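Colleague: what shape does this take:
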Amino acid sequence: MSGKPRIGFLGVGWIGRSRMQAMIDTGLIDAAAIAEPSAEMAAEAAKLAPAAAIVDSYDALLALGLDGIVIATPSALHAEQSIRALESGHAVFCQKPLGRTAAEAAAVVAAARAADRLLGVDFSYRFTDGMGRIRDLVAGGALGHVHAVDLVFHNAYGPDKPWFYDPAQSGGGCVMDLGVHLVDLALWTLGFPAAAWVTSSLFAGGAPLAERPGEVEDYAVATIDLEGGATVRLACSWRLHAGQDAVISAEFYGTNGGAMLRNVGGSFYDFTAERFSGTARETLASPPDAWGGRAAADWARRLAAGEGFGTDAERLVDVARLLDRIYGRAD
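Modeller: Here you go, the predicted structure:
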């Protein structure tokens with residue numbers, strides 16, 4: 001491509017506009033077009049990119065011959081919309097989940113591979129300062145053999161859009177919405193080992209999910225044994241009586257030490273990270289940390305640098321496959 005990559009934005013609600021701003025702030029892309037059914041939201045996005053064309057459909061967006069598409073639409077649409085963009089020659093940055101199932105995610109990755117186009121998913125928690133430092137410790141062997149990982153994401157509110165609660169549209173409840181970030185953090189930090197064994201319990205309204213057909217889980221716990229000897233314990237929920245807005249943490253314990261990322265004061269945005277050695281602790285990172293748009297900015301930089309399909313995209317299927325196993329959709 002010559003000049004800055006020209007990017008189209010499909011869906012510009014709060015998340016879509018936030019990612020648009022992060023990409024614009026890199027100075028490396030041209031926010032060229034917007035497709036959004038809400039005239040009010042489209043107008044808000046146009047304030048960020050006054051020169052962007054506003055089109056009335058996804059077909060019209062794809063017809064503009066852009067370099068990339070940023071997708072921030074309901075989960076049921078992600079796979080189909082991503083595949084259409086990739087097959088028509090666009091790079092893609094998609095909100096999570098990439099697909100409602102591993103099969104959907106694999107189909108998107110296959111399309112990206114065939115088209116040799118850059119594919120990214122908004123796994124934003126990777127880009128917190130704290131998680132970056134913890135991953136470096138693990139990768140460098142500073143914690144020794146990591147054998148225990150504890151992951152938590154409780155949201156005291158839950159989503160405000162009805163489609164989240166329809167399993168056909170969402171693919172699942174709190175695991176698909178929040179647990180996907182936890183699964184990604186564990187696999188990414190540990191180098192994407194395969195899962196040897198997975199067990200889980202899913203609940204809706206305090207009852208086993210199996211007793212509530214047509215609903216999605218609002219509380220889930222899972223235990224995952226990874227090849228290489230680490231056991232991951234995961235818990236996530238919507239509307240848990242947690243005494244604060246959110247409880248978010250990722251703990252990694254090895255033979256030579258431990259490290260933890262945790263939110264501060266119930267915040268969804270402020271995180272601290274610490275390293276543990278016996279009874280001693282060391283602060284690795286603390287707020288403020290403007291991490292929310294870094295995944296989007298990273299994708300924009302890679303696209304501007306001319307990157308196409310990368311093997312990191314293959315790992316997106318690993319995350320989706322482990323979610324399938326938590327949901328009992330695969331052995």
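Colleague: quick one: the strands in the stretch 151-300 of the chain?
Modeller: Taking DSSP state E, counting those that start in this stretch to define them, one finds strands in the stretch 151-300 of the chain at 195-204, 207-208, 219-226, 231-238, 246-254, 257-263, 271-277, 280-285.
Colleague: just tell me which of those ends up closest to Lys161.
Modeller: Ranking the strands of the stretch 151-300 of the chain by distance to Lys161, with Cβ to Cβ as the measure, places strand 231-238 first at 12.5 Å. The way it works is simple: take the backbone N, C-alpha and C, and place the C-beta from them, glycine included.
Colleague: buried ones in the closest one?
Modeller: With burial defined by 16 or more other Cβ atoms under 10 Å, the residues of strand 231-238 counted as buried are 232, 234-238.
Colleague: contacting residues around that strand?
Modeller: Defining contact as Cβ atoms under 8 Å, 6 or more residues apart in numbering, one finds that strand 231-238 is touched by 147-155, 157-159, 173-175, 177-179, 182-183, 186, 218-226, 326.
Colleague: burial measure for the closest residue to Asp67 other than its chain neighbours, as a count.
Modeller: For Asp67, ignoring the flanking residues on the chain, the nearest one in space by Cβ to Cβ, 6 or more residues apart in numbering is Pro5 at 3.9 Å. Counted with other Cβ atoms under 10 Å, the burial measure for Pro5 works out to 22 neighbours.
Colleague: what's the answer for Arg294, then?
Modeller: When neighbours are defined as other Cβ under 10 Å, Arg294 has 19 of them.
Colleague: that one reaches Ala22, doesn't it?
Modeller: Yes - using Cβ atoms under 8 Å, Arg294 and Ala22 qualify as a contacting pair, with a distance of 7.1 Å.
Colleague: doesn't Val138 belong to a helix?
Modeller: Yes - under DSSP: H, G, I helix; E, B strand; the rest coil, Val138 falls within a helix.
Colleague: quick one on the thing from earlier: which residues touch the residue nearest to Asp67?
Modeller: The neighbours of Pro5, taking Cβ under 8 Å, 6+ apart as the test, are 28-30, 67-68, 91, 300, 303-304.
Colleague: any figure for the gap between it and Ser201?
Modeller: 45 Å (Cβ to Cβ, to the nearest Å).
Colleague: and of the buried residues of strand 231-238, the nearest to Ser75?
Modeller: Relative to Ser75, the closest of the buried residues of strand 231-238 is Trp238; by Cβ to Cβ it sits at 15.0 Å.
Colleague: spatially nearest residue to that closest one (excluding sequence neighbours)?
Modeller: Using Cβ to Cβ, 6+ apart and skipping residues adjacent in sequence, the residue nearest Trp238 is Gly158, 3.3 Å away.
Colleague: ok, the residue lying closest to Ser286 once chain neighbours are set aside - contacts?
Modeller: With Cβ to Cβ, 6+ apart as the measure, Thr272 is the residue that lies nearest to Ser286, at 4.8 Å, once sequence neighbours are left out. Applying Cβ under 8 Å, 6+ apart, we find Thr272 in contact with 130, 261-262, 264, 283, 285-287.
Colleague: including neighbour count, could those residues go into TSV?
Modeller: Converted to TSV, the contacts of Thr272 look like this (neighbours: other Cβ atoms under 10 Å):
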residue	neighbour count
Gly130	24
Leu261	26
Arg262	16
Val264	12
Thr283	10
Ala285	18
Ser286	14
Pro287	16
